[in-house]
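>>> heads up, no residue letters with this:
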């Protein structure tokens with residue numbers, strides 16, 4: 001009779017693995033992995049293509065819309081720039097005082113430019129659209145008349161002596177000026193301390209037309225000190241390009 005526990009005493013044989021079966025299973029797993037990756041790639045491509053094709057209205061992208069808006073803005077701005085450089089640049093520019101009205105005293109009419117030094121441009125200058133000059137010379141006459149104690153009133157007449165119109169170009173908003181001298185030394189200038197628009201302008205003189213400019217001198221020099229009594233000369237100036245000046249006019253401040 002055999003020992004019933006013999007089976008526990010004899011180690012069981014281990015089955016030898018089937019190498020071919022393992023390789024076949026590995027190949028099947030690899031094929032499945034490739035199929036899954038390929039399917040995922042196809043789904044991603046289909047979603048991307050569908051997003052482009054099914055865009056609402058089939059309209060352009062935001063970049064295209066922005067470019068079209070920029071082109072439209074440039075197209076609109078170009079006519080405005082041409083318009084500003086054309087008739088607007090050659091149109092007459094209003095000055096600080098109308099040519100046919102009387103200016104007040106220098107102390108009340110001056111507009112001081114504390115932010116910039118005299119002669120410094122406060123705005124970009126614009127050249128005239130037609131590039132014209134001052135045309136024919138104007139005929140200038142200046143007079144001086146006492147306006148009170150230690151004060152003089154100056155009047156400048158700028159006349160067109162010809163039988164045709166004259167167009168005068170001005171490099172700034174200034175239209176006229178007065179200079180007072182003593183012994184050929186400048187004592188006072190009407191425009192000192194004033195600010196004018198830095199833009200070209202143009203004014204027309206009809207045949208035989210005269211324009212009048214006036215200013216009052218309060219008897220002080222350019223530094224604000226009281227000028228001594230005595231003899232002086234005054235010159236009236238049209239601030240065109242180039243400037244045109246009258247012959248000096250002698251006068252007495254109070255007494256000579």
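Received, thanks. Values in this document were obtained by computation on a predicted structure and should not be read as measured data. Numbering: from 1, shown residues only.
>>> In the chain, mark out all the helices, start to finish.
Taking DSSP state H, the helices of the chain run over residues 6-9, 19-53, 62-85, 87-90, 106-109.
>>> Could you list the buried residues of the second one?
Taking 16 or more other C-beta atoms under 10 Å as the neighbour-count basis, helix 19-53 is seen to contain no buried residue. Where C-beta positions appear, they are placed from N, C-alpha and C, glycine not excepted.
>>> Then stretch 178-187?
So, applying 16+ other C-beta under 10 Å, buried residues of stretch 178-187: 178, 179, 180, 182, 187.
>>> Using JSON lines, lay out those together with pLDDT and distance to residue 255.
Supplementary listing: the buried residues of stretch 178-187 in JSON lines, determined by pLDDT from 0 to 100; distance: C-beta to C-beta, whole Å:
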{"residue": "178", "pLDDT": "98", "distance to residue 255": "21"}
{"residue": "179", "pLDDT": "97", "distance to residue 255": "22"}
{"residue": "180", "pLDDT": "97", "distance to residue 255": "16"}
{"residue": "182", "pLDDT": "96", "distance to residue 255": "14"}
{"residue": "187", "pLDDT": "97", "distance to residue 255": "17"}
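>>> Between which two of the residues you listed is the distance greatest?
Maximum pairwise distance in the buried residues of stretch 178-187, criterion C-beta to C-beta, is 14.2 Å, between 178 and 182.
>>> circling back to that earlier point, and of the buried residues of stretch 178-187, the nearest to residue 210?
Closest to residue 210, out of all of these and judged by C-beta to C-beta, is residue 178, at 17.2 Å.
>>> what's the burial count for residue 158?
For residue 158, the neighbour count with other C-beta atoms under 10 Å is 27.
>>> Got the confidence number for it?
Residue 158 is assigned a predicted lDDT (pLDDT) of 97.
>>> distance of it from residue 137?
10 Å (C-beta to C-beta, to the nearest Å).
>>> just checking, residue 182 touches residue 232?
Yes - Residue 182 is within contact range of residue 232, at 5.1 Å (criterion: C-beta atoms under 8 Å).
>>> need the contact list for the closest residue to residue 145 other than its chain neighbours.
Leaving aside its sequence neighbours, residue 145 sits nearest to residue 153 (C-beta to C-beta, 6 or more residues apart in numbering; 5.0 Å). Listed by C-beta atoms under 8 Å, 6 or more residues apart in numbering, the contact set of residue 153 reads 144, 145, 146, 147, 214, 215, 216, 217.
>>> Tell me which of those residues fall in strands.
144, 145, 146, 147, 214, 215, 216, 217 (DSSP state E).
>>> Now do residue 28 against residue 41, distance only.
Relative to residue 41, residue 28 is positioned 21 Å away (criterion: C-beta to C-beta).
>>> got it, and residue 250?
102 Å.
>>> and if you look at residue 169?
Distance from residue 169 to residue 41, by C-beta to C-beta: 74 Å.
>>> same deal with residue 213?
Distance of residue 213 to residue 41, given as C-beta to C-beta: 86 Å.
>>> again, but for residue 201
72 Å.
>>> shouldn't residue 166 be in contact with residue 204?
Yes - here residue 166 lies in contact with residue 204, judged by C-beta under 8 Å, at a distance of 7.0 Å.
>>> who has more neighbours, these two?
When neighbours are counted by other C-beta under 10 Å, residue 166 and residue 204 differ, and residue 166 comes out ahead with 20 against 12.
>>> Report the beta-bridge partners for that one.
residue 205 (DSSP bridges).
>>> Show me the shaky parts of the chain.
1-17, 51-136 (pLDDT under 70).
>>> Let me see the domain layout of it.
19-85, 106-253 (automatic domain parsing).
>>> which residues touch residue 255?
229, 230.
>>> how close does it get to residue 149?
11 Å.
>>> For burial, what's the neighbour tally of the nearest residue to residue 152 once chain neighbours are set aside?
Leaving aside its sequence neighbours, residue 152 sits nearest to residue 217 (C-beta to C-beta, 6+ apart; 4.7 Å). By other C-beta under 10 Å, 24 other residues sit near residue 217.
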